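J.: compute the structure for the input listed below.
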Amino acid sequence: MSAMFGSGLLKGLKVTWHNLTHRSVTAHYPDVQPELPPRSRGVIALQEENCTSCMLCARECPAWCIYIDSHKETIQPGVEGGRERSQNVLDRFDIDYSLCMYCSICVEVCPFDALHWSPEFAYVETDITDLTHDKDRLREWMWTVPPPQALDPQAEPAKEVIAVEKLFIRPDDAPGSGL
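T.: So this is what the prediction gives:
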């Protein structure tokens, strides 16, 4: 029994001695910024001009942390005899980051690409109510959103692109037809 206790103690002392004699690999965060992967999730940015107030993001959010208010405005016709159209105008778009799970459902479900992930993660607040970002603050995060990754030139074309090309290429325009 004491032999097992002694071997465990020796293994523990060996690990301790190793940690004492080898340099730490810890990155000291405030002084050294971490290298984040290209698609890391930090904060959600709002591209307000793309938002149509369709409420899909708020409805699909499992944490119910997105608050949207809007009203309809009538747009006069551009030509005489045209009919008036109505358009949703965004009044309020808030995200409460104290509730957000960073699941990305809102970003993925948005049909108009109004929401984007920014890799910024250092938005510390001392008051929990300040973690609710309004549309102006969400708009400020847009400048930190990285551009989309380039398509892989070695990848096969999408099935949809191939189908459209087959529809619009005439037999006499096909490659190898002598033109």
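J.: chain center to the helix or strand of the chain with the lowest mean pLDDT, what's the gap?
T.: Confidence across the helices and strands of the chain bottoms out at helix 159-168, with a mean of 77, counting by mean pLDDT, DSSP states H and E. The chain centre lies 30 Å from the centre of helix 159-168; the measure is CA atoms, centre = their mean, to the nearest Å.
J.: parallel or antiparallel, list what pairs with the strand ranked longest in the chain.
T.: The residue-count maximum for a strand in the chain (DSSP state E) belongs to strand 85-96. In its sheet, strand 85-96 lies beside strand 66-75 (antiparallel), strand 132-133 (antiparallel), with partners assigned from DSSP bridges.
J.: got a list of contacts for whichever helix or strand comes after the shortest one?
T.: In other words, strand 132-133. Toward the C-terminus, strand 132-133 is succeeded by helix 135-140 as the next helix or strand (DSSP states H and E). The list of residues contacting helix 135-140 from outside it, by CB atoms under 8 Å, 6 or more residues apart in numbering, reads 44, 45, 46, 47, 48, 90, 92, 93, 94, 95. C-beta: built from backbone N, CA, C; applies to glycine.
J.: closest to residue 157 among these?
T.: Each of those was checked against residue 157 using CB to CB; the closest is residue 47, at 28.0 Å.
J.: now do the SS call for residue 142.
T.: In terms of secondary structure, residue 142 is helix; the call rests on DSSP: H, G, I helix; E, B strand; the rest coil.
J.: name the residue closest to the centre of the chain, please.
T.: residue 117 (2.4 Å; CA atoms, centre = their mean).
J.: quickly list what that one is bridged to.
T.: In this structure, residue 117 has beta-bridge partners residue 44, where bridges are defined by DSSP bridges.
J.: any idea how far it lies from residue 108?
T.: Separation of residue 117 from residue 108 (CB to CB, to the nearest Å): 10 Å.
J.: how about residue 73?
T.: Between residue 73 and residue 108 the computed distance is 29 Å (CB to CB).
J.: residue 87 is in contact with residue 73, isn't it?
T.: Yes - under the criterion of CB atoms under 8 Å, residue 87 lies in contact with residue 73, with a separation of 5.6 Å.
J.: common neighbours of the two, please.
T.: Between them, residue 87 and residue 73 share no contacting residue, judged by CB under 8 Å, 6+ apart.
J.: off-centre distance for the helix ranked longest in the chain?
T.: With secondary structure taken from DSSP state H, the chain has its longest helix at helix 2-21. A distance of 46 Å separates the C-alpha centroid of helix 2-21 from that of its chain, computed with CA atoms, centre = their mean.
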